[in-house]
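J.: quick one, fold the following:
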Amino acid sequence: MNTDDVHQERNVLGGELEPCGWDPVTGFYRDASCTCGPAVARHLVCAVVTADFLAHQRSVGNDLITPVPEFGFPGLRPGDRWCVVLDRWLQSYEAGLASPIVLAATNERALDLVELDVLRRFAVDVPDDLSVLG
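T.: Prediction:
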C-alpha cells in the first residue's frame, strides 16, 4: 500500500488517521494503522484490547490470543492496541464487552455502521480540540 494513501484516510473525529500500534504492529496492511486502502479492509477500530474482549472474541470464533506467525500475528494480550474488524467490535459491544478505543486512530469508515456518540463512550484518547467531544 502506498504510504500517501494512509495520509488521505481520516479518523472518526475528522483529523488525520493516527497510528494505532507498533508493538505489535497492527493493521490489515501491517502498517500500524487502521487503514482501508483499495482492498476496503474492515479493520477499522483501534481497540485497546481487554481480557474480557479477548475472551469474548475467542468464544465466538475469533481467536486473537493464539499467535499465527505465518500471517505475522503475534497473539494479543490485554493492553495491546490492535485494529479490529468493525463487525467484531460491534459484536462485543452488543454483548456488553466492548474494548476501549482510540478515536484518533479509528478509521472514519467505522461511522458507516456506528454512531460517533457510541464510539465516544469507549474513547481512551483525548483529542487536542475538546470541542469535538460535545
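J.: next secondary structure element downstream of the worst-scoring helix or strand of the chain on mean pLDDT?
T.: The helix or strand of the chain with the lowest confidence, counting by mean pLDDT, DSSP states H and E, is helix 3-8 at a mean of 54. With elements assigned by DSSP states H and E, the helix or strand that comes after helix 3-8 is strand 43-48.
J.: what does that next one contact?
T.: Contacts to strand 43-48, defined as C-beta atoms under 8 Å, 6 or more residues apart in numbering, come from residues 20-21, 26-28, 34, 36, 53, 79-86, 89, 99-102, 104-107, 109-110, 124. The C-beta positions use only the backbone N, C-alpha and C, and glycine is treated the same way.
J.: which of those count as buried?
T.: Members of those that pass the buried threshold by neighbour count (16 or more other C-beta atoms under 10 Å) are listed as 20-21, 26-28, 34, 36, 53, 80-86, 89, 99-102, 104-107, 109-110.
J.: hmm, back to that, filter the contacts of strand 43-48 down to just the ones in strands.
T.: When the contacts of strand 43-48 are checked against strands (DSSP state E), the matches are 81, 82, 83, 84, 85.
J.: can you add distance to residue 9 and give those residues back as a markdown table?
T.: Formatted as a markdown table, the entries for the ones in strands among the contacts of strand 43-48 read as follows, by distance: C-beta to C-beta, whole Å:
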| residue | distance to residue 9 |
| --- | --- |
| 81 | 17 |
| 82 | 17 |
| 83 | 12 |
| 84 | 17 |
| 85 | 16 |
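J.: for those residues, which one is nearest residue 42?
T.: residue 85 (4.9 Å; C-beta to C-beta).
J.: in contact with the closest one, which residues?
T.: Residue 85 makes contact with 42, 43, 44, 45, 62, according to C-beta under 8 Å, 6+ apart.
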